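Q: what follows is a predicted protein model with its sequence.
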Amino acid sequence: MMEKIKIGIIICDRYSTCAGGKCLRSLTNREGAFARYKGMEVELAGYTTCSGCPGGNIEYAPEEMKKNGVTHIHFATGFLVGYPPCPHMEHFEQFIKSKYGMEVIFGTHPIPEKYLKTHSKLNTWNTPFLQRAISDTMTDQTTRLNYD
Ligand code: SF4
């Protein structure tokens, strides 16, 4: 039987009205940070926002997700591409891993090309942490343009 993974997505509250289209498309297509699940069955078992700076829902949402079988939490690509990127990501990662023992993955859908252009000009992602954080969603230019 094919391995099944249950995932949860937490989005940056700056995009709280987002309908999730890019995340869901990339999950179906196994693109961006979802490429890791190629050949696996995946169930989206939770979707919520951080509840706004400084991210109070990070304390609680993973607990509910875990009760529903979620083992992998994705911080949506908005965490990475916002202006500025979420300043709390590293702490959130450590907290969720330490308290809940869940895997934390930075990003969901591929970074849209327009964000890459602006962040490159701003030199935003020029830290070892952010280089690691964007690595799964950088993809290639054709894919990024499909998510513009
Ligand atoms: S910047 Fe971070 S803490 Fe603030 S709303 Fe976005 S994800 Fe939440």
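A: Received the coordinates, thanks. Since we're looking at a predicted model, the values are computed, not measured.
Q: average pLDDT for the helix or strand hosting residue 28?
A: Element membership for residue 28 (DSSP states H and E) is helix 21-29. Average pLDDT, helix 21-29: 98.
Q: so what secondary structure elements neighbour it?
A: Here helix 21-29 touches strand 41-49, going by 3 or more CB pairs under 8 Å, 6 or more residues apart in numbering; DSSP states H and E. In short, each C-beta sits where N, CA and C put it, glycine included.
Q: buried residues in the helix or strand hosting residue 142, which are they?
A: Under the criterion of DSSP H and E, residue 142 resides in helix 141-146. With burial defined by 16 or more other CB atoms under 10 Å, the residues of helix 141-146 counted as buried are 143-144, 146.
Q: so which of those is the closest to residue 6?
A: residue 143 (25.4 Å; CB to CB).
Q: isn't that closest one right next to residue 110, touching?
A: Yes - look at residue 143 against residue 110 with CB atoms under 8 Å: they come within range, at 4.9 Å.
Q: mind listing the shared neighbours of these two?
A: Listed as contacting both residue 143 and residue 110 by CB atoms under 8 Å, 6 or more residues apart in numbering are 31-32.
Q: in the helix holding residue 28, what counts as buried?
A: So, applying 16+ other CB under 10 Å, buried residues of helix 21-29: 22-23, 25-27.
Q: stretch 52-66 too?
A: For stretch 52-66, the neighbour count (16+ other CB under 10 Å) marks 55, 58, 61-62, 65-66 as buried.
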